[in-house]
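Asks: need a 3D model of the following:
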Amino acid sequence: MIHGPCGNLNRSSPCMVDGKCTKRFPKDFTNDTVTHVDGYPIYRRRSTENGGQTFIKTISYADIDIDNRWVVPYSPLLSKTFNAHINAESCSSVKSIKYICKYVNKGSDMAVFRIENTNVHSPPLNQNDEITNYQIGRYVSSNEAVWRIFGFPIHERDPAVIYLAVHLENGQRVYFTNDTVLDCAINPPKTTLTEFFELCNRADAFGAFAQIFLYSEVPRYFTWSQKRKWIPRKQGTPVDAPPGLFKSNTLGCVYTVNPRQTECFYLRLLLVNVTGPLLFQDIRKVDGQQYPTYKDACLALGLLEDDNHWDTVAC
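Replies: Numbers count the residues shown, from 1 in each chain. Here you go, the predicted model:
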């Protein structure tokens, strides 16, 4: 269970790429086994002065002194039992467990090849049948076979995530051609944000119910339909009021905005803190006062800090 050696000792080692070892050998000497920040352990490797061992390995007719820095982590019991080189690693974090699960779910590999006679007098061979090659090479393990026999779902995503648009008034993205440019300018497309305002403006019980929630909470009770509008959910856990409405565990994800887009950035900050706005202008209203910009509204709500913040703290 010795790696290489590589590096300056053996430039032709398979692990060498651009003059460096891809496996990061040789390792450093250390007196104790510790966990690195990336989740993988750094094993104890003692130097010869601290009780470590060495031996001489001959590579390309040259004798090289090998110490503990070149040892690959292993289990003596497994190596002895199976008479094979078995790399054994310690799993001490979620990251290392994901590394193992990735290999479990990678599936099998297959190589398809054939030998043809290039003699011009030989009869022509059949064309390459990719479907047949795929079927004869497909491998289904026992675990996957049982899972499919019992009809269990192969994969799923839970909970569902609905991405919510953020844009200024009349600032939604529009796709148009030379023939449709005028129509798109007069009738801009509906977005999840503009329809959120329409939902809060509804004169029925659903509109009053939506006004008590944040923009990101709406997907729990309403779903975005193909007609580009919010409609009440018909599946999930029934709510007490209004009747006919259901609750799910769907998450609403508001798109991030770069702080350089100042007004749009402050609009997003208001959307994740203000419940049930009726219009773009309404979201800038704080305690009955209409503010000219979204930044001013954020300051009025205490969502931003300015020089007055320290005077308030000092008092």
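Asks: what sits against R148?
Replies: By CB atoms under 8 Å, 6 or more residues apart in numbering, the contact set of R148 is 140, 154. C-beta here means a position set from N, CA and C on the backbone, and glycine is covered the same way.
Asks: kindly provide the distance from it to V140.
Replies: Relative to V140, R148 is positioned 8 Å away (CB to CB, to the nearest Å).
Asks: mind checking the SS state of A208?
Replies: helix (DSSP: H, G, I helix; E, B strand; the rest coil).
Asks: neighbours around it, how many?
Replies: Applying other CB atoms under 10 Å, we find 14 residues neighbouring A208.
Asks: now swap in P5 and tell me
Replies: P5: 20 neighbours (other CB under 10 Å).
Asks: quick one: contacts for it?
Replies: P5 touches 13, 25-26, 57, 59, 64, 66, 70, counting by CB under 8 Å, 6+ apart.
Asks: R268 too?
Replies: By CB under 8 Å, 6+ apart, the contact set of R268 is 166, 254-257.
Asks: now, of those, which are buried?
Replies: Neighbour counting with 16 or more other CB atoms under 10 Å marks 166, 254, 257 as buried within these.
Asks: just those residues now: which is nearest A84?
Replies: Relative to A84, the closest of the buried ones among the contacts of R268 is V254; by CB to CB it sits at 52.9 Å.
Asks: residue boundaries of the strands in the stretch 1-150 of the chain?
Replies: 16-17, 20-21, 34-35, 41-42, 55-59, 62-66 (DSSP state E, counting those that start in this stretch).
Asks: so which of those is nearest P189?
Replies: Closest to P189 of the strands of the stretch 1-150 of the chain is strand 16-17 (CB to CB; 49.1 Å).
Asks: neighbouring contacts of that closest one?
Replies: Strand 16-17 is contacted by residues 6-7, 10, 22 when judged by CB under 8 Å, 6+ apart.
Asks: highest neighbour count among these?
Replies: Most surrounded of the contacts of strand 16-17: other CB under 10 Å gives C6, at 20 neighbours.
Asks: how near is that one to P14?
Replies: To P14, C6 is 8 Å away according to CB to CB.
Asks: can you check G236 too?
Replies: 55 Å.
Asks: look at the two and report which has more neighbours.
Replies: Taking other CB under 10 Å, G236 and P14 do not tie; G236 has more neighbours (15 against 9).
Asks: show me what contacts the more buried one?
Replies: 246-248.
Asks: only the buried subset of the residues you listed, as a PyMOL command please.
Replies: Buried residues among these (16+ other CB under 10 Å), as a PyMOL selection:
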select buried, resi 246+248
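Asks: the contacts of G236 in strands, which ones?
Replies: Residues of the contacts of G236 located in strands (DSSP state E): 246-247.
Asks: tell me the one of the contacts of G236 nearest T132?
Replies: Distances from T132 to those, taken by CB to CB, are shortest for S248, at 44.3 Å.
Asks: state the distance from the nearest residue to that closest one once chain neighbours are set aside to R202.
Replies: Spatial nearest neighbour of S248, excluding adjacent residues (CB to CB, 6 or more residues apart in numbering): G236 at 4.0 Å. Separation of G236 from R202 (CB to CB): 20 Å.
Asks: and if you look at K80?
Replies: 74 Å.
Asks: when those two are compared, which one has more neighbours?
Replies: R202 (14 against 10).
Asks: distance of H85 from I231?
Replies: For H85, the distance to I231 - CB to CB - is 61 Å.
Asks: is it true that G252 lies in a strand?
Replies: Yes - assigned with three-state DSSP, G252 falls within a strand.
Asks: what's the burial count for it?
Replies: 21.
Asks: list the residues that contact the residue nearest to T58 when sequence neighbours are not counted.
Replies: Distance criterion CB to CB, 6+ apart; nearest residue to T58, sequence neighbours excluded, is I64 at 7.4 Å. By CB under 8 Å, 6+ apart, the residues touching I64 are 5, 9, 56-58.
Asks: any chance of the contacts of R268 in a markdown table, with distance to P41 too?
Replies: Listed next are the contacts of R268 as a markdown table, based on distance: CB to CB, whole Å:
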| residue | distance to P41 |
| --- | --- |
| V166 | 43 |
| V254 | 39 |
| Y255 | 39 |
| T256 | 35 |
| V257 | 40 |
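Asks: adding distance to K295 and secondary structure, write these out as JSON lines.
Replies: Below are the contacts of R268 laid out as JSON lines (distance: CB to CB, whole Å; DSSP: H, G, I helix; E, B strand; the rest coil):
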{"residue": "V166", "distance to K295": "15", "secondary structure": "coil"}
{"residue": "V254", "distance to K295": "18", "secondary structure": "strand"}
{"residue": "Y255", "distance to K295": "19", "secondary structure": "coil"}
{"residue": "T256", "distance to K295": "18", "secondary structure": "coil"}
{"residue": "V257", "distance to K295": "13", "secondary structure": "coil"}
